[in-house]
Structures are given as C-alpha cells and as structure tokens.
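Asker: Test case, fold it:
(one chain, ligands or ions: 1)
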Amino acid sequence: MSQSIETLLNEQRIFMASDEFRVNATHSDPDIYKIAQSDRLGFWEAQAAKLDWFSPWQSVLEWQRPFAKWFVGGTLNASYNCLDVHLPTDRRDKAALIWEGELGDVRTLSYAELHDEVARFSSVLMARYGIQKGDRVTIYLPLIPESVVAILACARIGAIHSVVFGGFSAQSLIDRIHDSGSRLVITADGGYRRGKVIPLKDIVDEALEKCPSIEAVVVVRHVGNPIHMHAGRDDVYQEIMAETSDLQDALPMDSEDPLFILYTSGTTGKPKGIIHTTGGYMTHAKYSTQLVFDLKPSDVYWCTADVGWITGHTYLVYGPLANGATVMMYEGSPDYPDKNRFWDIVERHKVTILYTAPTAIRAFMKWGDHLPGMHDLSSLRLLGSVGEPINPEAWMWYYTVIGKNRCPIVDTWWQTETGGIMISTLPALSPMRPGYAGLPLPGIEAQVLQDSGVPIEAGGGLLSIMSPWPSMARGIWGDNERFKSVYWDTFETYFAGDGATVDDDGYIMVLGRVDDVLNVAGHRIGTMEVESALVEFEGVAEAAVVGVADDLKGQAILAFVILKEGVTPSKELERAAIEWVGKMIGAIAKPKQVVFTPDLPKTRSGKIMRRVLKSVANGQALGDITTLANPEVVDFLERQLNSV
Ligand code: WT7
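Answerer: The predicted structure is shown next:
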C-alpha cells in the first residue's frame, strides 16, 4: 500500500468543470458546505422534506451509539416516493426506464407504466402469497426491468427485499436465504451474459432443496429456455400478473421500518446482512443523486451497476427514480457482441451521465481508444466512478478519451454500509484531482484518523465517519454484536475499514481495504468464503487467499493451497480447483492462480498470516514477522512465485 501512496502523492494535476457546465449547474452555490456545517441536523431535515411524507417526524435523530434513528415517528413509503409522486406532474409520461437487453431489444417504461406494473405486482404479492410488512423476499434476477419492479413492489407493502446478485451460485443463494429467512424467491428462467444463458431457475431449484423457509417462487419469463416448474410452488410472473388488474396503494411505513437487507462480505464468517431503513436511506438517496450528478429533468442517466450491489440499489433504483430521472439500464456485458457496446449505447440513447467502475474503465483502456472513437459521445456531460480507487492513469483516460476534456468526473467513495455517497467532489463546485475522491458531502463528517483515533490534518491513516448520517446501516441482520465489533470497536466513531490520505485542502484519497477483504472488480469478497470453497474441493487440506494487484480488476485472487497427503499437484488440479470456486461462489471469486504449498505462514496460535502472503504475492517487503511460527515457508513461496 505504501507504494501506491508514493506514486499517487505526486499527482498535482487539478481540473475544473467547464464554464458551460458551471453556468448550467443546479448546484453552484459554494455556501452549501457552510450551511450544512452550521446546522447539520437542520440541513438533513431540509433534505428529508424533499420527500413526500404521509405524516411528519417528531425528532430528527435519536442516537444511541451505534444505533441511529432518523426522522423518528415520520411515515412514508419508498415506492411512493419513486413512482406516485411523479404521476400528477409532467413526468407521468416521461421514460422512467430505458432498458436494453444483451440481444439488443429495447423496452421503455414511463413513470405511469412502471407505477402500474409495480402496484399490480404488490397486489399479487399480498393477495396471492400473503406477503406482509416485515416479511423477507429474495430477489435473484438478471438486470431486467422486473428487477426494479420487484424491488419497488416489495417496498410498496413493506416487505424487506434481499437482492442476491444473479452471478452468485446456489450455495451463496442458500446462505442468504437461510440468514434472512425469506418466504419467497423472485427469479427468472435465465439471463444473458456474453451471449450465453445463465440458467437462474435451475440454480434456484438446486438451492431450494435446502431452503425450507421458501414457500413460493415467481419466475419471470425472460430467455424462454426450458425450465422445470414445481407444481404448487412455482408461478410464471407474466401469467399471475395477467390475472389481476388490482393496483395496490403504497402503505405507510415508519421511517425506521427496514427497507432492505443487502449481503456484503467481511474478513471472517458468513456474509453480513446490512440493514437499511426507509426515511433516512431515502433522504440520502434522493439528496446525493441530485447533488453529486447534478441531475436535471432532461438527463439520460446510466449507472452500469447491477441491482445486486448497493450501487444498483441507491443509484440505479431509489435515488434516480425519487428524482424523476430517466434511467438507462443495460442487461449485459460491455464486450458483447463487440467491445464498443457501451459507446454504442451512449450514442444511440444519448446518455448524458455515465456512472461506472474503475475495473470497467481499465478494461476499456486495454481494449483501445479506437472503440469509443467510433461513436458520437457528445451527449455525455458528467462521468462518475465507484467501487475502488481509480488510479490517476485510468482517471485521465476516462477524462480525455470518454469525456473529451469537457465532462467533470465524480469519484464517489462509499460502502454498502453507508447507503449512499459519502465523499466526492461536487461537479460545479470543487476542483477535481485524479485519484482523489475529494471532500465529504455537505452534511457528512469524514476524517482520516491515526490508530489512536486522533484526526490527522494531513497525511495517511484510517477513514472514519465522525457523526451519524441518515443512510447509515442500522445493523447486521440477526447479529448486532457483530455490527458493533466490526464497525464500532476500533474508534468511538464509525470505522470504514479503508486506508486514506488527506491533504491540506481536506481532499481525501482512499487507498483501499486495510483488512484482508478482497476487492475484485470493485466488489468485496471475503477471503473466508473463497477459502471455504477451496477447502471443500477434493484433495485440498487448507487454503488461504489474498489479493494481488491486477491491471484490469484492481485485485485478482491468488490462492495458496495445501493438498492432502498423497495428492499430487498438477495444472489440471489447479484448473479444476479454480472452476470449483466459480461453481461454489460465482465467477467473480475465481482465483487467477493456485499455488500449491506444503505449508502456510502461521502465527504461533495457528492463525494464517495473510498479510505475509500478501507481501510475498505482491513482491513487497515482509514487515514485522516476529509472530511468524514457520519463516522457512516464506522462502519456499517466494521461490515458487518467482518461478512462475
Ligand atoms: C468498498 C465498499 C460503494 C459501492 C460499491 C462497493 C471501496 C468504493 C471507492 C472509491 C476508493 C472505493 C472501498 C470501500 N470503494 N468506492 N471511490 N475510491 N475506494 O461497495 O462492496 O460495500 O465496497 O469499496 O474500499 O470500503 P462495497
């Protein structure tokens, strides 16, 4: 990590948005920072008031560390704020979603159409399945309009949605269904990925053999592939929707009623079900989308994230729809059928705002400038980045080749747990510096701390959010102790788990995770999940995985594996182990390489020292190895890696 600090610290370039951008910007008053600072709670109340509430709150914030309640006593509905509020306005017939499938088919839904579809599905959920407020519903869908419909239909009746990324395996689905205690799964027959069909329904069938809590499955017909329907359990979405014309009203929810659970990986143990509630989350979703992207009614806004991640929740669904935006949604992969697919979409749909991840940007860079060069990208006016640090090289490429030096870039730092963007420049207000996320948003207090918890004025340390904010996680589903220990035991304030530097202007550069969690292509993956999968593979005795720097994905996974006695290492075995992890967790977790080793570096108490493995794998200095019980293994591994 120290290496990246040094190279990045040399970054002196500063960019301002063009005069044209600034003149036309909605948010161009620099006083917003002062206003927020002088009366933080009042500022948040003003943001909350931009939502439609059924009844007002009695107090802004009740804080019993680490549990926050915001806008206490108020009632509202998230689905209502994304749909119904637009119906009496000129946004009624405006496109809410422009969806393009991987095959090139396009579907456009106006706000009125999306509203009706959602309200009808809510009524099906209640009338047919008896889904009630507080019930958990698992959504396992490709990126199709029905994923947005399912999310908003749950929110409309207070069912807590748990979206599981469609790339996850049956085992991951089982874990998440068990933990949440879901009653219903909403899935599709399949989804497209690079021209291939992912058989989602088959994966659900496999998972449900081990999920007794699930009473019913709704299957969206999307691909038309052959599927097996279990009589009495499974229904086709299109069929049950055709049977009703009832439109379910949005039910009033308490500000603190849970809106959703979203699972994210930690260093140890099973994935954490991060809980977000209604009033505070929606307040920040609406506010930050409007502010950071300088959203206008005329924008065609494209966030390329899947709904399976928090970015999809906040910046594909809740934030933009609460603002009445037109949301572009693309089902498939950026290189299908050709590597210019994204630029083709931007040109054809006249996308104005593009929000994507550094891993995608690095892939585009690798594929070559001629591909975006083939397309008219002049509709673009703002670019965003999220998911991991964007290295200055990729930033500059994004700025010049995609943005043609005219589009400001927002590098947005946040987490599943923060619910929405915490740190970013504001496009018309703050200068941009490649590699720097920038300043905390107005209303957010973030600082870089020393290990002792003392704030650093300039230099590197650990990132912390200093005071409660509306969209903060309300806990981990079923495990409040873990919530306390992971985020609140390190400092008095919220511990984000990221290293960061801050400079004299208060600009923050985020360096990445300080723990062992992997960040592959912008997504956190727990070492434990990958290791558990490897250990389940025949012949494997023990495994440890670490992230190694990867040009494309940010981090790739390197696995160190101890084989069982009598099992001989081979290329075939390596390949089979890699495939196995893909099957167990999903393609995203596949190791790039498996190194077979007779031993792993361990502490005297027997804990694997991943830190040492990481240094070896990345060719860095070992640091303090006094607690290492078996230093000889380090030499072995270094030789092994150098010989590859
Ligand atoms: C972790 C959160 C935020 C939604 C997508 C990932 C890293 C995220 C940035 C950024 C540097 C970033 C951090 C963070 N991260 N955005 N702009 N610059 N790092 O959500 O899976 O909860 O992961 O992603 O390490 O802690 P997530």
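Asker: quick one, longest helix in the chain?
Answerer: Among all segments of the chain classified by DSSP state H, the helix with the greatest residue count is helix 111-129.
Asker: other SSEs contacting the helix or strand just after it?
Answerer: Of the helices and strands lying after helix 111-129 in sequence (DSSP states H and E), the nearest is strand 136-140. Packed against strand 136-140, as judged by 3 or more CB pairs under 8 Å, 6 or more residues apart in numbering; DSSP states H and E, are the following elements: helix 145-157, strand 160-163, helix 170-180, strand 184-188, helix 200-208. Using the backbone N, CA and C atoms, a C-beta is placed for each residue, glycine as well.
Asker: List the buried residues in strand 136-140.
Answerer: Of the residues in strand 136-140, those buried by neighbour count under the rule 16 or more other CB atoms under 10 Å are Arg136, Val137, Thr138, Ile139, Tyr140.
Asker: mind listing what's buried in stretch 531-547?
Answerer: For stretch 531-547, the neighbour count (16+ other CB under 10 Å) marks Glu531, Ser532, Ala533, Leu534, Phe537, Val540, Glu542, Ala543, Ala544, Val545, Val546, Gly547 as buried.
Asker: how about the longest helix of the chain as PDB, C-alpha atoms only?
Answerer: As requested, the backbone C-alpha atoms of helix 111-129 are provided in PDB (Å, rounded to 0.1, in the frame of the first residue of the first chain):
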ATOM      1  CA  TYR A 111     -43.400   6.500 -14.800                       C
ATOM      2  CA  ALA A 112     -47.100   5.800 -15.200                       C
ATOM      3  CA  GLU A 113     -46.400   2.400 -16.700                       C
ATOM      4  CA  LEU A 114     -43.800   1.500 -14.100                       C
ATOM      5  CA  HIS A 115     -46.200   2.600 -11.400                       C
ATOM      6  CA  ASP A 116     -48.900   0.300 -12.600                       C
ATOM      7  CA  GLU A 117     -46.600  -2.700 -13.000                       C
ATOM      8  CA  VAL A 118     -45.300  -2.200  -9.500                       C
ATOM      9  CA  ALA A 119     -48.700  -1.600  -7.900                       C
ATOM     10  CA  ARG A 120     -50.000  -4.700  -9.700                       C
ATOM     11  CA  PHE A 121     -47.100  -6.900  -8.500                       C
ATOM     12  CA  SER A 122     -47.500  -5.600  -4.900                       C
ATOM     13  CA  SER A 123     -51.100  -6.700  -5.100                       C
ATOM     14  CA  VAL A 124     -50.100 -10.100  -6.300                       C
ATOM     15  CA  LEU A 125     -47.500 -10.400  -3.500                       C
ATOM     16  CA  MET A 126     -50.100  -9.600  -0.900                       C
ATOM     17  CA  ALA A 127     -53.200 -11.300  -2.300                       C
ATOM     18  CA  ARG A 128     -51.700 -14.400  -3.800                       C
ATOM     19  CA  TYR A 129     -48.800 -15.100  -1.500                       C
END
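Asker: what does stretch 251-260 rub up against?
Answerer: 54-55, 57, 69-78, 133-134, 151, 154-158, 160-163, 275-282, 313, 474 (CB atoms under 8 Å, 6 or more residues apart in numbering).
Asker: What about Gln64, how many residues nearby?
Answerer: Look at Gln64: counted by other CB atoms under 10 Å, it has 7 neighbours.
Asker: Now do the contacts for it.
Answerer: The neighbours of Gln64, taking CB under 8 Å, 6+ apart as the test, come to nothing; the list is empty.
Asker: how about JSON lines for the buried residues of stretch 531-547, with pLDDT, distance to the ligand and secondary structure added?
Answerer: Rendered in JSON lines, the data for the buried residues of stretch 531-547 read as follows (pLDDT from 0 to 100; distance: CB to the nearest ligand atom, whole Å; DSSP: H, G, I helix; E, B strand; the rest coil):
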{"residue": "Glu531", "pLDDT": "84", "distance to the ligand": "19", "secondary structure": "helix"}
{"residue": "Ser532", "pLDDT": "77", "distance to the ligand": "19", "secondary structure": "helix"}
{"residue": "Ala533", "pLDDT": "85", "distance to the ligand": "19", "secondary structure": "helix"}
{"residue": "Leu534", "pLDDT": "89", "distance to the ligand": "22", "secondary structure": "helix"}
{"residue": "Phe537", "pLDDT": "90", "distance to the ligand": "26", "secondary structure": "coil"}
{"residue": "Val540", "pLDDT": "88", "distance to the ligand": "27", "secondary structure": "strand"}
{"residue": "Glu542", "pLDDT": "82", "distance to the ligand": "27", "secondary structure": "strand"}
{"residue": "Ala543", "pLDDT": "89", "distance to the ligand": "23", "secondary structure": "strand"}
{"residue": "Ala544", "pLDDT": "91", "distance to the ligand": "21", "secondary structure": "strand"}
{"residue": "Val545", "pLDDT": "93", "distance to the ligand": "17", "secondary structure": "strand"}
{"residue": "Val546", "pLDDT": "93", "distance to the ligand": "16", "secondary structure": "strand"}
{"residue": "Gly547", "pLDDT": "92", "distance to the ligand": "11", "secondary structure": "strand"}
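Asker: what mean pLDDT would you report for the longest helix of the chain?
Answerer: When the per-residue pLDDT values of helix 111-129 are averaged, the result is 98.
Asker: How far off centre is that helix?
Answerer: For helix 111-129, the distance between its averaged C-alpha position and the chain's averaged C-alpha position is 26 Å (CA atoms, centre = their mean, to the nearest Å).
Asker: Quick one: mean pLDDT for stretch 412-419?
Answerer: 97.
Asker: Could you look up the SS state of the closest residue to Pro598 other than its chain neighbours?
Answerer: Spatial nearest neighbour of Pro598, excluding adjacent residues (CB to CB, 6 or more residues apart in numbering): Ile562 at 6.7 Å. Applying DSSP: H, G, I helix; E, B strand; the rest coil to Ile562 yields a three-state assignment of strand.
Asker: Who are the contact partners of Ile562?
Answerer: Residues Val540, Ala541, Glu542, Ala543, Phe596, Thr597, Pro598, Asp599, Leu600 are the ones in contact with Ile562 under the rule CB under 8 Å, 6+ apart.
Asker: Am I right that Ile423 is in contact with Ser430?
Answerer: No. Using CB atoms under 8 Å, Ile423 is not in contact with Ser430; the gap is 11.1 Å.
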